[in-house]
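Colleague: What would the 3D arrangement of this be:
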Amino acid sequence: MPELPEKLTFKAWQRCALFERAQKQGPRLGGKLALTLTDSNTAQQATEDARFTLIAAADVAGLKSSAIKHMAPAPFARDAETTKLVHIDLWEYDLPWRYTPQVNMPNLPPWLVLLVGTTEEIQVDGALVTRVDDKVLIAHNLAESHLWAHTQWDGHTTVGRIVSPRGLETNGGPKPVGLMAQQEYIAVLVPAFNDAGQLMWNAPADRQFGTKGVLPAFHSWRFWTAESGDFETLATALHMPEARDVGKANLHYRRKSVGIDETLEVRGAITSLQQPETQQQDQIDKVQADLALITKSHADTIGLPQYGRPWLPNPEGFGAGWPHELNNDPRLRGTAGLGVWMGVEAQEALMDAAVAQAGALREAGQRIGHLAMGLQAASSLWDRRLPADKNQRLRLFGPLMSRMVAADGGIVLDRVTSGSSPLVQALFSSAAQRILRDRSATTRHVADTNGGINCSAALDEANQPERQPERAPAGLPHVDAIIQQMGLPTVEEMFELDERWLNTVMEKLDEIVRFVTQAYREKSQSFIKEHAQDDIPGLRKQLAELLFSKLRGTLQNLLEERELPCEADGIVEELGDEFGVSLLIFCELVMADEGARQRLHDSIRRAIRQCLAKRRCRAILAHVPDIGISCDDLLDNMPSEPRPEQKPIDLGRLSDTLFGALDPRKPSAPARIRLCSQLEGIDCTRLIPPEFPIGLDFPTWGLLSQYDKEWLLPGASMLEKDSITALQTNPTFIDAFMVGINTQFISEMRWRDLAVTRTCTPLRMFWGPVNYATHKRQGDIQPLGEWAKVPADPIGALSHQSIQPHDVANANGSRLVLTFRSDLFRRYPSTLVYLVKPGAGDNVDELLKSTPQLDMLEGAPDGVPQADIEKWRRDRKFFGPIFAGTLTPELTFFTFDVAPSDIDLYWLVLDEPPAELRFRNVNPDDKPLTKTNAATFAQTALDQPTRVAISGKELNSRG
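Modeller: Model prediction:
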């Protein structure tokens, strides 16, 4: 319910204390003040009366727009209520009385008046009112103008307000007439006093506009009124007549030639609370027998449709259950036929929605067909032409390794040729295969080959470790041996190269590289799955900056711990010179290239090794003048680290691994995985033309509302004006209708060659109610394939509904429907409608006045256990509608997850939508407004939010 501020304080008038000393002096107020002047040097004083004159209304030439806080109704409003008074709020609370040329009194009139009239009654041109009808002046009797202005304090701000009395006139009747409906009005702010300090007019409309004879217009705006009445009057007019036969219709079957004239009772989608219709089995048998006679008496007659197919192979083969009822009960056949008709009428709209959901289904089928043909051809070649020799296979598979991703990231070719592997990447290039091709121009002249070359042997030879270089020429001693004989230390010993510490440093740096590159692989793969490949370069740059920062920071800390004479920034700069680009840019290459990672490792290790040697070198060459240059020369010629020992890889195992990964005959063939990863929502593993299970978010009740709304609520035209009627949903109608429309729609999609699953249920929504557990709209029925699993269940069975009723005693799953035939919801569409269920011992009056708690538990549905949600659902006091709809502008209905038989336990509540503060021209209970002063007038005229509560027992007795 909309709530006004907790406390509003109204005062009849307010102005500054200076007016307490003012007296009437002709057309203005004036007076005198005793002023005392004190000499600050001699302390002598002089006292004298100072006279003053206050500005009056006639002295005001205009009003700035910034002085106005709010206007009600708003300028150019098209739906102003006829029962509300027009008013204007001013920022300065004393402004309505500031220029009143009268001394303070209990009922002080304002110097401003708000005139309201139709555009024929009032005309404004610029800052002047050029025409004002006498009845406008009579309605604004200045003798009562003290009631039309007050101040309001809401706990934060005090504002001045001027109210127009237009609408309070009774025209000789018992109560105010209000504003005229659907009229254009103009509101204009004018002075109430002329230049002589007298009222501008008096009863009966004697004009005294002063010496100039004009009425100034300080501010004006236009608005239009809506239809007569407001929320209170419309809600008060609601009543509950007898429902009679609303929701029921008669179905007539007549054939005069055979003397058949049967009348069957059929109920619509919304039906009466009265007892269900009788079975009428005799009438049904007669109609069914006559229909069978018609189809059998004429050869090649197209019979009636078999409802239930394609979900059941033989719907007529059941002696009971929903297939039997649909095909043998003419009432249900008629309802299903209604669904077929709706499917025909709306086929274009439905097909557009289906095609939009299917997306590129046809293109996907074409790609799957091409893939199937390509895999079949590749499998045939694989079986017939693939070499048996594993090295020969490796020659075929080798060029593909540069495009294959290893299991832990990186490229397979980098894994095969890096580290201790003797193989080089160029060996597996297509250019190398052309060079090594048997009996080519290149190999024709190789010695001892007789014009040919053994490619398998060449691969085995390339897989042999490269021999380590000789430490010294044959016959000559190595320098290390000479140093040892002379008792001198080796280079490593002399420079104190701590290889163990160096290995520890490189392990820490390598761990940083592995962590960042792994994060890059995972996030880039997620971007690919989300089709956001354009974001990968930005990700690579971001992670490269992270890698660069962490490497530099960690390296600097390690160097400082060792007290080495070099800085991480210097090493970074040297590496940039070595790579030809900055280390930050090179780090981007490290993200995706194993070779770049190895090069980074080697370069950093060499730089740290030289840094270790430089510290000792400076101590050894301390006596040399140019110590820096000498150390640099010495370290440049320092022997590099020994090359890691190479080990041949298992070529046979590599060949087998590539064979298994590239085999086109496997379900996990690369081409199949690649295509299937690009097709979302389609099963392409079987390589057959795809069929898509269409499921449209399409409430089908709207089709009935568009083409034949009488079947939604038969007899709706009989509902009285301003009435409330308690009804219920009809699951039997909904089931039969949904079978019919799905049957027609699937046939239409197959006819138009849309590859959909034959047994899907494309339309599951009739109403499309909101699921309390997910807060989302959900289908009314289960897929018809689920119905087919229990064909013995009757039509309208609870098992057919997708959202089960919260009351386990609700056997057929019908829901309570409250139908309003009133202008209330057309004019106030945000009206809050809900049910209240008082518990044992609850104070019903307090519960109805409390704020409704319609929201589910905080955090639901994902963050709350299902048991707690079900408990809340059972124990709640307030029930919001699960669906609302409009059949005509004045016919609105609300559906509640409540058993219709339990309506006696509930109260129906209507809450007025939130609105701005307004004043009524008549009290809802027709009591006269209190006119003691402006404050009491405002208090009694204040429009309070309205809440209407209606007992469910009363609704049930009329249903």
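Colleague: I'd assumed R393 was in a strand, is it?
Modeller: No - under DSSP: H, G, I helix; E, B strand; the rest coil, R393 sits outside any strand and is assigned helix.
Colleague: Which residues are in contact with it?
Modeller: L386, P387, S655, L658, F659 (CB atoms under 8 Å, 6 or more residues apart in numbering). C-betas here are computed from N, CA, C, even on glycine.
Colleague: List the beta-bridge partners for the residue most central in space within the chain.
Modeller: For the chain, K776 is the residue whose C-alpha lies nearest the centre (CA atoms, centre = their mean; 11.2 Å). Per DSSP bridges, the residues bridged to K776 are N771.
Colleague: if we can go back for a sec, can you flag the buried ones in the contacts of R393?
Modeller: Listed as buried from these are S655, L658, F659; burial here means 16 or more other CB atoms under 10 Å.
Colleague: Which of those residues fall in helices?
Modeller: S655, L658, F659 (DSSP state H).
Colleague: of all the buried ones among the contacts of R393, which comes closest to L8?
Modeller: Nearest to L8 among the buried ones among the contacts of R393: L658, at 83.8 Å, using CB to CB.
Colleague: Check the gap between that closest one and R947 for me.
Modeller: Distance of L658 to R947, computed by CB to CB, to the nearest Å: 77 Å.
Colleague: Ok, I411 next?
Modeller: 71 Å.
Colleague: Pick out whichever of those two has more residues nearby.
Modeller: Of the pair I411 and R947, I411 is the one with more neighbours under other CB atoms under 10 Å, namely 20 against 16.
Colleague: and T819, what element?
Modeller: Here T819 sits within strand 816-821, counting by DSSP states H and E.
Colleague: Alpha carbons only: can I get the helix or strand just after that strand in PDB?
Modeller: Counting by DSSP H and E, the next helix or strand C-terminal to strand 816-821 is helix 824-827. This file holds the C-alpha atoms of helix 824-827, laid out as PDB (Å, rounded to 0.1, in the frame of the first residue of the first chain):
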ATOM      1  CA  LEU A 824     -10.500   0.100 -12.200                       C
ATOM      2  CA  PHE A 825      -7.600  -1.800 -13.800                       C
ATOM      3  CA  ARG A 826      -7.800   0.100 -17.100                       C
ATOM      4  CA  ARG A 827      -7.300   3.400 -15.300                       C
END
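Colleague: so how far is helix 824-827 off the chain centroid?
Modeller: 27 Å (CA atoms, centre = their mean, to the nearest Å).
Colleague: Show me the strands paired with the helix or strand just after that helix, marking each as parallel or antiparallel.
Modeller: Next helix or strand after helix 824-827 toward the C-terminus (DSSP H and E): strand 832-836. Within its sheet, strand 832-836 is paired with strand 878-879 (antiparallel), strand 907-911 (antiparallel), according to DSSP bridges.
Colleague: Would you mind finding the most buried of the ones you listed?
Modeller: strand 907-911 (a mean of 21; mean count of other CB atoms under 10 Å).
Colleague: Hey, what's the angle from it to strand 816-821? Just curious.
Modeller: Interaxial angle, strand 907-911 versus strand 816-821 (axes from the mean of the first three to the mean of the last three CA atoms, to 10 degrees): 50 degrees.
Colleague: which residues in the stretch 201-350 of the chain form strands?
Modeller: 201-202, 206-207, 215-216, 219-224, 248-255, 260-267, 270-271 (DSSP state E, counting those that start in this stretch).
Colleague: returning to that earlier point: parallel or antiparallel, list what pairs with the strand holding T819.
Modeller: Sheet pairing of strand 816-821 (DSSP bridges) gives strand 723-729 (antiparallel), strand 891-896 (antiparallel).
Colleague: And the ones in helices among the buried ones among the contacts of R393, which is closest to L304?
Modeller: Lowest distance from L304 to these (CB to CB) belongs to F659, with 61.1 Å.
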